[in-house]
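Chemist: dropping the sequence and predicted coords here.
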There are 2 protein chains.
Amino acid sequence: MAKQDKAAITPTRSDDYPEWYQQVIKASDLAERSPVRGCMVIKPWGYALWENIVRVLDDMFKDTGVRNAYFPLFIPLSFLEREAEHVEGFAKECAVVSHHRLEKGPDGGLIPAGRLTEPLIVRPTSETIIGDSFSKWISSYRDLPLLINQWANVVRWEMRTRMFLRTSEFLWQEGHTAHATEQEAIGRTELMLDVYRRLVEDHLAIPVIKGKKSAAERFPGAVDTMTIEAMMQDRKALQAGTSHFLGQNFARASDIRFQTAEESEAYAWTTSWGLSTRVIGGVIMTHGDDDGIILPPRVASAQVVLMPIVRKDKDRPRVMDYVDRLADALSSKMYNNRAVGVEVDTRDIGGARGWDWIKKGIPLRVEIGPRDIAGDSVFVARRDKPHRDRQSIPRTRFIDTVTDLLEEIQGNLLERARTYRDEHLQDVDDNVAFYDFFTPSDNEHPEIHGGFARAHWCGSPACEEKIKDDLGVTLRCIPLDRPDDKGPCICCDGNSQGRVIFAKAY
Amino acid sequence: MAKQDKAAITPTRSDDYPEWYQQVIKASDLAERSPVRGCMVIKPWGYALWENIVRVLDDMFKDTGVRNAYFPLFIPLSFLEREAEHVEGFAKECAVVSHHRLEKGPDGGLIPAGRLTEPLIVRPTSETIIGDSFSKWISSYRDLPLLINQWANVVRWEMRTRMFLRTSEFLWQEGHTAHATEQEAIGRTELMLDVYRRLVEDHLAIPVIKGKKSAAERFPGAVDTMTIEAMMQDRKALQAGTSHFLGQNFARASDIRFQTAEESEAYAWTTSWGLSTRVIGGVIMTHGDDDGIILPPRVASAQVVLMPIVRKDKDRPRVMDYVDRLADALSSKMYNNRAVGVEVDTRDIGGARGWDWIKKGIPLRVEIGPRDIAGDSVFVARRDKPHRDRQSIPRTRFIDTVTDLLEEIQGNLLERARTYRDEHLQDVDDNVAFYDFFTPSDNEHPEIHGGFARAHWCGSPACEEKIKDDLGVTLRCIPLDRPDDKGPCICCDGNSQGRVIFAKAY
């Protein structure tokens, strides 16, 4: 690998964090901007990561009894209007289909024709269209609970977009469930939040805080929104997944009624929960360093790259044979319920080859040359260690312990992220200290400062709004596990029943 | 199981084939019409079938070096216009996005607002938007071949829709590849057609004929379209998958150029190939009987249903324990690279329970009551046999041989379908016989008659069109394996170089 002392990504995180983010995505070949406003192209290296996330999550859903289905992309405008807060929340940013064909216009170019009598909305989320099906599928308590998930693309017409974090079209899953009792629906909301926590902590190696959203930050139409909040390396929060208890709001809007065991009639209690390609942005900003992304091994697009070193043509057959056999041996091992993913890179481009894989964030890079073969060993570098920190390992030992090594990296990434998060998560008890915490001083980085402030809040939307207006800081969540700890509100000194998390956020 | 002599589906196939199709879908719970014009809801039992098809196909794609990616849902109108035949082919049936928000109108209702300067088309297929990416990704022969697939939803605004077969929105995959040479691109077109053949014959148990489309039936913008054609039980053809050799047409339209090994510049040669949820319609119409669908075991939504029989409450724990252990034993077996899918149905609804599963087409139904347990055996019915044809099998033998039994059903379905297809595939050499073949006589069923006519064709579009106009019969394909067999054209008596397949079609 070429010697290189300067970082592989320009600018570095401390030079310009937002631009570092864009450059890391470019250098890793995860995705790129598309010519369609606000949309992105997810390239194979990025899509493979998403496929692994999908697989893990889908298995977890099914283990809890959820089944997949598919509902229409288009939602009639009248459906969206059935829930007042809901339509209010999405009307400002939705793609509207108005025509169903094109025809030659007066100047010869094609123009929209065949106007629809009722415009269709490209789904920003599917509560209303799925609610319509639920109203047909549910007639008795015996039909409950109904536990459905959909993998889909959705569209929210964002004005300021950022790859993975905020794009006009994105990929996600949306779960929708209906229950006979309020308690059961709340239980499902909590269960799915925990499924998200397990995905994000155990597979993406991103520590999160589980909590409830305040009324101001709730999903439009929900009674309660639960969230998992992660801290990025610029100390901003990323909402990584949300699970909504919808009460009977959408059941009333979509007329989802059932006959109870006691033969009376009742509205169902519903939930919805979603997680999107946005978490890939979270992976980048939690683990990435100034050399590029670092993929958590359990969901990495591939786990190992083999890079044969052939200096003389006569060595080639022997080296390639050794490499091919090693690739077979590695990919016959199972890791996180699938075969270890192995790439073989035979390009003859010098040190740039190793750097390409560093920037792509593959967990293990393995070089194999005639000298390694002579010693029946391989030369291994871990992406979570400095790039020069490489080790010769006997081939058989490497094969036998490759999944242990991957798990060690996985654990190390989570540990590092947790340490960083905890270093920048602090109790703040004083209004001045709070404002200081979120305002960079001269010796602080203008973009990387502050963190999560755990502060008392009286519960008033006015205090929440004042903080947002003054500092651009939002109430991320009311942690589920907060201790009973009375105190004065950080904003108004009023009574608070416990601390909440404030932070700047994506 | 309840005794029932009349068929479970009304009407039967011979009563009213198109209505039988709709009723089978309803009875099986595969899908339903949605309130959105031309769109359908794919219900869990149907979606699980699609998931299995996706998994098999995706593995086969990856084995040939294809990688998945994701491209925008929206296509700028100007992109679609880049290829003249292409836009001509799709302009008449595309959903047009014209606005990006909703606002209160004069009467208080919401109306579209935020008009887009350039309308966006909801992708009917993605050659032009993917071509745009390819033009950026490809600069040298070293970047080739580029082998990409996308799993996606697409929209074609169909005026007459039929569930699975023709809906305004449908799910599919579209593969797009670019190559340095014409020969290699043609080879890829053929390879992917064979992947489709393997999916459809080996997993869906539907025999197909591989062939080329005539110019009139080609994909808009393609040089050649290859197809696999299957015969349904009403003897009409279903195009189950197509693979297109695009020549340099789309490379010119999207400016996909590369530097050759000889350092000159050339346009790439591209292909595209797609298969959709339409094949589920093919499964229904190939294997279904008057009791409902019959799912091919290799892709069935589940393979086995266990139905405990509990007549006395005191028997319940013992029966349920036996059933649960059996379910565990069965689902620990692998079949077609995944665990055997087992459903346990404990509903106490009498004979309707068994009939539900017949209509759902599950390959194996197993009843377990106290008497079976006493004999340590299970009572097994196969969906490919008459419903009363049931067998007591020792439990351990059933567990040991369940995958053999599934394979036997799989083979039986393919064999039956092949026999039926071959019975209604015939050489027709005479113009009068040809017209007779496609015109029901008094003693023939008005809707189920004819079949595939293998007839000589001179190659003239005029003859093809006359046959279409006169009989509603289209040229399905020019079979790849047709023998060299000169003769007079079935329409004009002109010279023909070999026989082609004519049929009515979906």
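Modeler: Good, I have the coordinates. Given the structure is predicted, the values throughout are model-derived calculations rather than measurements. Numbers count the residues shown, from 1 in each chain, chains lettered A, B, ... in the order given.

Chemist: for the rest of this, base every contact and every neighbour count on C-alpha atoms.
Modeler: Fine.

Chemist: the residue in the stretch 201-350 of chain A that chain B sits nearest to sits in which helix or strand?
Modeler: Closest to chain B within the stretch 201-350 of chain A is residue A:347: 10.0 Å, counting by C-alpha to the nearest C-alpha. For residue A:347, there is no host helix or strand (DSSP states H and E).

Chemist: quick one: contacts for it?
Modeler: By C-alpha atoms under 8 Å, 6 or more residues apart in numbering or on different chains, the contact list for residue A:347 reads residue A:353.

Chemist: and residue A:414, by the same measure?
Modeler: Contacts of residue A:414 by C-alpha under 8 Å, 6+ apart are A:201, A:205, A:206, A:207.

Chemist: now residue A:219
Modeler: With C-alpha under 8 Å, 6+ apart, residue A:219 has these contacts: A:225, A:244.

Chemist: ok but it is inside a strand, no?
Modeler: No. The assignment for residue A:219, made by DSSP: H, G, I helix; E, B strand; the rest coil, is coil rather than a strand.

Chemist: now do the contacts for the closest residue to residue A:452 other than its chain neighbours.
Modeler: Using C-alpha to C-alpha, 6 or more residues apart in numbering or on different chains and skipping the chain neighbours, the partner closest in space to residue A:452 is residue A:425 (4.6 Å). The contact partners of residue A:425, by C-alpha under 8 Å, 6+ apart, come to A:451, A:452, A:453, A:454.

Chemist: number of residues surrounding residue A:312?
Modeler: Counted with other C-alpha atoms under 10 Å in any protein chain shown, the neighbours of residue A:312 add up to 8.

Chemist: which pLDDT does the model give it?
Modeler: Here the pLDDT value assigned to residue A:312 is 92.

Chemist: phi and psi next, for it.
Modeler: phi -120, psi 140 (degrees, to the nearest 10).

Chemist: for chain A, where's the lowest mean pLDDT among helices and strands?
Modeler: helix A:84-90 (a mean of 88; mean pLDDT, DSSP states H and E).

Chemist: from the chain's centroid, how far away is that one?
Modeler: Its chain's C-alpha centre and that of helix A:84-90 lie 24 Å apart, by C-alpha atoms, centre = their mean, to the nearest Å.

Chemist: then that helix to CSV, C-alphas only?
Modeler: In CSV, the C-alpha atoms belonging to helix A:84-90 read as follows (Å, rounded to 0.1, in the frame of the first residue of the first chain):
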residue,chain,number,x,y,z
ALA,A,84,-56.5,16.6,9.3
GLU,A,85,-53.1,16.8,11.0
HIS,A,86,-51.7,14.2,8.7
VAL,A,87,-52.6,16.1,5.5
GLU,A,88,-51.4,19.3,7.1
GLY,A,89,-48.0,17.7,7.7
PHE,A,90,-47.5,16.4,4.2
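
Chemist: spell out whether that helix and chain B are in contact.
Modeler: No. Using C-alpha under 8 Å from any C-alpha of the partner chain, helix A:84-90 never reaches chain B; the gap is at least 8.5 Å.

Chemist: any idea of the angle the following helix or strand past that helix forms with strand B:96-104?
Modeler: Once the chain leaves helix A:84-90, the next helix or strand it forms, by DSSP H and E, is strand A:96-104. Angle, strand A:96-104 to strand B:96-104, by axes from the mean of the first three to the mean of the last three C-alpha atoms, to 10 degrees: 140 degrees.

Chemist: pull the CA atoms of strand A:96-104 into PDB?
Modeler: Extracted in PDB, the C-alpha atoms of strand A:96-104 (Å, rounded to 0.1, in the frame of the first residue of the first chain):
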ATOM      1  CA  VAL A  96     -48.800  15.400  -7.500                       C
ATOM      2  CA  VAL A  97     -49.700  13.300 -10.500                       C
ATOM      3  CA  SER A  98     -52.100  15.300 -12.600                       C
ATOM      4  CA  HIS A  99     -52.100  13.600 -16.100                       C
ATOM      5  CA  HIS A 100     -51.800  10.100 -17.500                       C
ATOM      6  CA  ARG A 101     -50.300  10.600 -20.900                       C
ATOM      7  CA  LEU A 102     -48.200  12.800 -23.100                       C
ATOM      8  CA  GLU A 103     -49.200  14.200 -26.500                       C
ATOM      9  CA  LYS A 104     -47.600  16.500 -29.100                       C
END
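
Chemist: give the buried residues for that strand.
Modeler: Neighbour-count burial for strand A:96-104 flags A:96, A:97, A:98, A:99, A:100, A:101, A:102 (criterion: 16 or more other C-alpha atoms under 10 Å in any protein chain shown).

Chemist: the fourth one pairs with what?
Modeler: Put plainly, it is residue A:99. residue A:115, residue B:96 (DSSP bridges).

Chemist: isn't it right up against residue A:117?
Modeler: No. Checked against C-alpha atoms under 8 Å, the pair residue A:99 and residue A:117 is beyond contact range at 9.1 Å.

Chemist: quick revisit: pick out the most distant pair among the contacts of residue A:414.
Modeler: Greatest spatial distance in these: A:205 and A:207, 6.5 Å, computed using C-alpha to C-alpha.

Chemist: after the longest helix belonging to chain A, which helix or strand is next?
Modeler: Criterion DSSP state H: the longest helix present in chain A is helix A:395-423. Following helix A:395-423 in sequence order, the next helix or strand is strand A:425-427 (DSSP H and E).

Chemist: just checking the distance from that next one to the centre of its chain.
Modeler: With C-alpha atoms, centre = their mean, you get 24 Å for strand A:425-427.

Chemist: so what strands line up beside it?
Modeler: Partners of strand A:425-427 in its sheet, by DSSP bridges: strand A:452-456 (parallel).

Chemist: who's in contact with the strand it pairs with?
Modeler: In contact with strand A:452-456 (C-alpha under 8 Å, 6+ apart) are residues A:231, A:235-237, A:424-429, A:434, A:437, A:486-490, A:496-503.

Chemist: measure how far the longest helix of chain A is from the centre of its chain, please.
Modeler: 20 Å.

Chemist: how about stretch A:465-483: buried residues?
Modeler: Under 16+ other C-alpha under 10 Å, the buried positions of stretch A:465-483 are A:465, A:467, A:468, A:473, A:474, A:475, A:476, A:477, A:478, A:479.

Chemist: hang on, I meant stretch A:377-388
Modeler: Neighbour-count burial for stretch A:377-388 [16+ other C-alpha under 10 Å]: A:377, A:378, A:379, A:380, A:381, A:382, A:383, A:384, A:387.

Chemist: need phi/psi at residue A:497.
Modeler: phi -90, psi -10.

Chemist: that one contacts residue A:489, correct?
Modeler: No. With contact defined as C-alpha under 8 Å, residue A:497 does not count as touching residue A:489 (9.2 Å).

Chemist: which of these two has more neighbours?
Modeler: residue A:489 (23 against 17).

Chemist: which one is the more buried one nearest to, not counting chain neighbours?
Modeler: residue A:457 is the one closest to residue A:489 (C-alpha to C-alpha, 6+ apart), at 4.3 Å.

Chemist: might one say that that neighbour is in contact with residue A:485?
Modeler: No. The pair formed by residue A:457 and residue A:485 falls short of the contact definition of C-alpha under 8 Å, at 11.2 Å.

Chemist: higher neighbour count, these two?
Modeler: Shown here are residue A:457 and residue A:485; by other C-alpha under 10 Å, residue A:457 has more neighbours (28 against 10).

Chemist: pLDDT at the more buried one, what is it?
Modeler: 97.

Chemist: that one and residue A:339: what is the separation?
Modeler: Noted for residue A:457: a distance of 49 Å to residue A:339, by C-alpha to C-alpha, to the nearest Å.

Chemist: which helix or strand contains the residue nearest the centre of chain A?
Modeler: Nearest to the geometric centre of chain A sits residue A:279, at 1.2 Å (C-alpha atoms, centre = their mean). Assessed by DSSP H and E, residue A:279 sits inside helix A:278-287.

Chemist: pLDDT averaged over that helix - what is it?
Modeler: 98.

Chemist: so is it next to chain B?
Modeler: No. Helix A:278-287 lies out of reach of chain B by C-alpha under 8 Å from any C-alpha, never closer than 14.3 Å.

Chemist: whichever helix or strand comes after that helix packs against which elements?
Modeler: Once helix A:278-287 ends, the next helix or strand along the chain (criterion: DSSP H and E) is strand A:304-308. Helices and strands touching strand A:304-308, by 3 or more C-alpha pairs under 8 Å, 6 or more residues apart in numbering or on different chains; DSSP states H and E, are helix A:316-331, strand A:342-344, strand A:364-368.
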